[in-house]
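Participant: here is the input, now give the coordinates:
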Amino acid sequence: IIQALQKDLSKPEFEALVYEISMVKSSCKLGLQELKHWMKPEKVKTPLTTYPSSAEIVSEPLGVVLVISTWNYPFLLSLDPVIGAITAGNAVVLKPSEIAPATSSLLANLLQEYVDNTSVKVIEGAADETSALLEQKWDKIFYTGSARVGRIVMAAAAKHLTPVTLELGGKCPAIVDSNVNLQVAARRIIAGKWTCNSGQTCVAADYVITPKDFAPKLIGALGHELEEFFGKDPMTSKDISAIVNEHHFIRLMKLMEEDGVYDKIVLGGQADVNQLKITPTILLDVPNDSHLMTEEIFGPLLPIVTVENVEQSFDLINSKPKPLAAYLFSNNEQLKTKFVNNVSAGGMLVNDTILHLTVPGLPFGGVGESGMGSYHGKFSFDSFSHKKPVLYRSFNADTSIRYPPYTPQKLNLFKAVMGGSIFRVLLSLIGWSKD
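Facilitator: Sure thing, here's the model as predicted:
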């Protein structure tokens, strides 16, 4: 597994173990431990109008589901949804990303060898194979990737009224207040940007917002910690991933070299197409209408935007499509509350980055253009289940109130029952009414 990830992304062994292999193992273990509990029908209270009765919600499999995964975490993002689909009792067809061919081939071989092939099937290929799969009728489609392809998936699903979960992305902001532990904040921003697949992560900090007079300190702290992590020449570091392919390398270079952007580089900016590497790069106050500030970066470039007051960050974030994640670094409790209440994002984390994904009790998913639906832990089980409501009644207490002829006495009794007043019900039963 590690060799495949290194071949596709030059991913360091530690990063492959922490962010892919261990998380898949954790999902498996959690499913095995909790499945009986997740499967158990959920009891529901019933109203007086159905007395005597009982009710429950029964989880049932959707059927045959399609999982289309992506390339940046090709092992984790392929198997994590598959685990959820299997725990819910579905059969799964997995389409791994052709952009990570070594991992795609590995998944096809491993799943064929070790997993029941009547339950899980892997289809390899590129756009043609994906298009052919999308033409079929599925009971659910789970897609991870770009918003552009997400729209194609949703349009294809609409032809068959197939429900979808779309795990997309967006420009994830990180607000840094001036009252933070600067060293810890800098290290955690780096951990959620450059040590996560060189920024090729859907929840990586896409840009930072900080007060104007605090920006030099933040840039200095980031530069110092980057050197601690990757050395004086990060191009030679073995602890940072490569860009996935030349196409994405060129895309990132165009973002960095756009007019009015390149001269805003304050740290880094070195690139080597032969290694498919771009060093950690920080830019200060690039134009708001630049592609760097309007498109998801998905790479090792980090723009820093300055504001006069940190609360102005909220308006800046809300002026853009809703992100998959939003981060705040601050010791101000009031600011934390305002951040949670005034910023809409798929998920939030205060005083760190990306770690909310590791909490199995929290759903992971987007909102608006960053996606729809969620998964992880029980939320994965629920995502691939139909919640079937069931009401049980006996043949006893078959009251005539629901049947014609509809008399004034029945109407009074019905009003009393709907009003929830036992006293009025008793009055109606003996023929008295307060109306």
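Participant: from here on, contacts and neighbour counts on C-alpha atoms
Facilitator: Noted.
Participant: for the residue positioned nearest the centre of the chain, phi and psi?
Facilitator: For the chain, the residue sitting closest to the mean C-alpha position, by CA atoms, centre = their mean, is residue 365 at 3.0 Å. Backbone torsions for residue 365, taken as degrees, to the nearest 10, come to phi 180, psi 170.
Participant: and for residue 395, the neighbour number?
Facilitator: Other residues near residue 395 number 6, with proximity taken as other CA atoms under 10 Å.
Participant: about what we covered before: ok, the residue nearest to the centre of the chain touching residue 356?
Facilitator: No - counting by CA atoms under 8 Å, residue 365 does not reach residue 356; the two are 11.3 Å apart.
Participant: domain parsing for this protein?
Facilitator: 2-168+376-388, 173-364, 401-435 (automatic domain parsing).
Participant: quick one: contacts of the helix or strand hosting residue 386?
Facilitator: Using DSSP states H and E, the secondary-structure element containing residue 386 is strand 385-393. Residues from elsewhere that reach strand 385-393 (CA atoms under 8 Å, 6 or more residues apart in numbering): 50-62, 88.
Participant: got those as CSV, with neighbour count, secondary structure and pLDDT columns?
Facilitator: Compiled in CSV, the contacts of strand 385-393 are given as follows (neighbours: other CA atoms under 10 Å; DSSP: H, G, I helix; E, B strand; the rest coil; pLDDT from 0 to 100):
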residue, neighbour count, secondary structure, pLDDT
50, 13, helix, 88
51, 14, coil, 86
52, 15, coil, 91
53, 15, strand, 95
54, 16, strand, 97
55, 16, strand, 98
56, 18, strand, 98
57, 16, strand, 98
58, 16, strand, 98
59, 21, strand, 98
60, 17, strand, 98
61, 21, strand, 98
62, 20, coil, 98
88, 26, coil, 98
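Participant: let me know the closest of these to residue 14.
Facilitator: Proximity of those to residue 14, judged by CA to CA, is greatest for residue 88, which lies at 31.3 Å.
Participant: list the contacts of residue 267.
Facilitator: Residues near residue 267 by CA under 8 Å, 6+ apart: 223, 280, 281, 282, 283.
Participant: just the ones of the residues you listed in strands?
Facilitator: Counted as lying in strands by DSSP state E, out of the contacts of residue 267, are 281, 282, 283.
Participant: near the second one, how many other residues are there?
Facilitator: Residues lying near residue 282 (other CA under 10 Å) number 21.
Participant: okay, and the beta partners of it?
Facilitator: Listed beta-bridge partners, residue 282: residue 267, residue 302 (assigned using DSSP bridges).
Participant: so what touches stretch 352-369?
Facilitator: Contacts for stretch 352-369 (CA under 8 Å, 6+ apart): 23, 147, 166-170, 185, 188-189, 191-192, 203-205, 321-325, 327-329, 344-349, 371-379.
Participant: just the buried ones from the residues you listed?
Facilitator: Neighbour counting over the contacts of stretch 352-369 (16 or more other CA atoms under 10 Å) leaves 23, 147, 166-170, 185, 188-189, 191-192, 203-205, 321-325, 327-329, 344-349, 371-379 as the buried ones.
Participant: mind checking which of those residues are in strands?
Facilitator: Per DSSP E, the subset of those in strands is 166-167, 325, 327-329, 347-349, 371-372, 374-375.
Participant: and the two most separated of those?
Facilitator: Applying CA to CA across those, the maximum distance is between 166 and 329, 28.3 Å.
Participant: quick one, which of the contacts of residue 267 are buried?
Facilitator: Buried members of the contacts of residue 267, counted by 16+ other CA under 10 Å: 223, 280, 281, 282, 283.
Participant: neighbours of the closest residue to residue 164 other than its chain neighbours, how many?
Facilitator: Spatial nearest neighbour of residue 164, excluding adjacent residues (CA to CA, 6 or more residues apart in numbering): residue 141 at 4.8 Å. Residues within reach of residue 141, counting by other CA under 10 Å, total 24.
Participant: got the contact list for residue 141?
Facilitator: The contact partners of residue 141, taken as CA under 8 Å, 6+ apart, are 65, 66, 67, 68, 157, 162, 163, 164, 165.
Participant: 6 Å instead, please
Facilitator: 65, 66, 67, 164 (CA atoms under 6 Å, 6 or more residues apart in numbering).
Participant: who does it bridge with?
Facilitator: residue 66, residue 164.
Participant: could you measure from it over to residue 41?
Facilitator: Residue 141 sits 25 Å away from residue 41, taking CA to CA, to the nearest Å as the criterion.
Participant: state the distance from residue 130 to residue 66.
Facilitator: Distance, residue 130 to residue 66, using CA to CA: 10 Å.
Participant: those two: which has the busier surroundings?
Facilitator: Remark: of residue 130 and residue 66, residue 66 carries more neighbours, 26 against 17, as counted by other CA under 10 Å.
Participant: thought that one was touching residue 93?
Facilitator: Yes - using CA atoms under 6 Å as the test, residue 66 is close enough to residue 93 to be in contact (5.0 Å).
Participant: still on that earlier bit, go through the contacts of residue 141 and name the one nearest residue 4.
Facilitator: The closest of these, once distances to residue 4 are taken by CA to CA, is residue 67, at 20.4 Å.
Participant: number of nearby residues for residue 197?
Facilitator: Around residue 197 sit 29 other residues, with neighbours defined as other CA under 10 Å.
Participant: what's the next secondary structure element after the strand holding residue 386?
Facilitator: Toward the C-terminal end, the helix or strand that comes next after strand 385-393 (DSSP H and E) is helix 408-419.
Participant: name the residues of that following helix that are buried.
Facilitator: Buried residues in helix 408-419, counted by 16+ other CA under 10 Å: 409, 410, 412, 413, 414, 416, 417.
Participant: need the helices for the stretch 151-300 of the chain, in chain order.
Facilitator: Assigned by DSSP state H, counting those that start in this stretch, the helices in the stretch 151-300 of the chain fall at 182-191, 215-230, 246-257, 291-294.
Participant: good, we can wrap up now.
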